[in-house]
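Engineer: Predicted structure and sequence below. I'll ask about it afterward.
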Amino acid sequence: MIDVTNPLDFSTGKPQLALGFPNSAGQTIQQWLPDARVVKAFNIITSTRMVNPQFADGQADMFIAGNDATAKAQVADILKAFGWRSAIDMGDISKSYLLEAIAMTWIDYGVSRNHWSHGFSLLGAQP
């Protein structure tokens with residue numbers, strides 16, 4: 001199961017995380033579905049760029065996290081087929097809080113500029 005969610009709270013009028021370290025939506029979903037192979041991915045991009053993420057200034061990377069190595073490899077294959085440069089494995093599902101924090105950077109940038117066609121690239125990444 002690919003978790004693309006971010007636990008957002010809009011009660012203050014602007015988006016903020018409803019969950020934070022050490023908890024995350026990814027961990028919560030894994031706890032709700034203990035037999036599922038949950039992989040956090042696609043939460044740092046708008047839905048229109050999940051497939052064929054074209055950017056004028058380069059290719060974007062996608063961060064992932066999950067407990068099952070086979071499931072993460074399958075998500076990495078999906079990302080490659082969809083046109084992503086790479087899947088950057090951040091670790092087990094407990095690392096979902098990192099991906100959700102990165103998503104807040106993406107969201108804050110988008111809200112402040114009313115611009116939703118940006119992505120991330122990790123320069124100097126090593127396999």
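Structural biologist: Arrived safely.
Engineer: can you pull the contacts of Leu17?
Structural biologist: By Cβ atoms under 8 Å, 6 or more residues apart in numbering, the contact list for Leu17 reads 6-9, 100-101, 104. C-beta coordinates here come from the backbone N, C-alpha and C atoms, glycine included.
Engineer: repeat that for 7 Å
Structural biologist: 7-8, 100, 104 (Cβ atoms under 7 Å, 6 or more residues apart in numbering).
Engineer: Over to Pro22?
Structural biologist: Contacts for Pro22 (Cβ under 7 Å, 6+ apart) come out as Tyr97.
Engineer: same thing but 10 Å
Structural biologist: Going by Cβ atoms under 10 Å, 6 or more residues apart in numbering, Pro22 touches 94, 97.
Engineer: so what's Thr70 up against?
Structural biologist: Thr70 makes contact with Arg37 under the criterion Cβ under 10 Å, 6+ apart.
Engineer: How much space separates it from Thr48?
Structural biologist: Distance, Thr70 to Thr48, by Cβ to Cβ, to the nearest Å: 29 Å.
Engineer: can you check Ala125 too?
Structural biologist: Ala125 sits 25 Å away from Thr48, going by Cβ to Cβ.
Engineer: Can you name the next helix or strand after the least confident helix or strand in the chain by mean pLDDT?
Structural biologist: Counting by mean pLDDT, DSSP states H and E, the chain has its least confident helix or strand at strand 16-17, which shows a mean of 84. Once strand 16-17 ends, the next helix or strand along the chain (criterion: DSSP states H and E) is helix 25-32.
Engineer: Output the contacting helices and strands for that next one.
Structural biologist: Applying 3 or more Cβ pairs under 10 Å, 6 or more residues apart in numbering; DSSP states H and E, one finds that helix 25-32 contacts strand 2-3, strand 39-40, strand 61-66, helix 96-113.
Engineer: and the spatially most central residue of the chain, what does it touch?
Structural biologist: Residue closest to the average C-alpha location in the chain (Cα atoms, centre = their mean): Asn43, at 3.3 Å. When contacts are counted by Cβ under 10 Å, 6+ apart, Asn43 touches 2-7, 25-26, 62-65, 96, 99-100, 102-103, 106-107.
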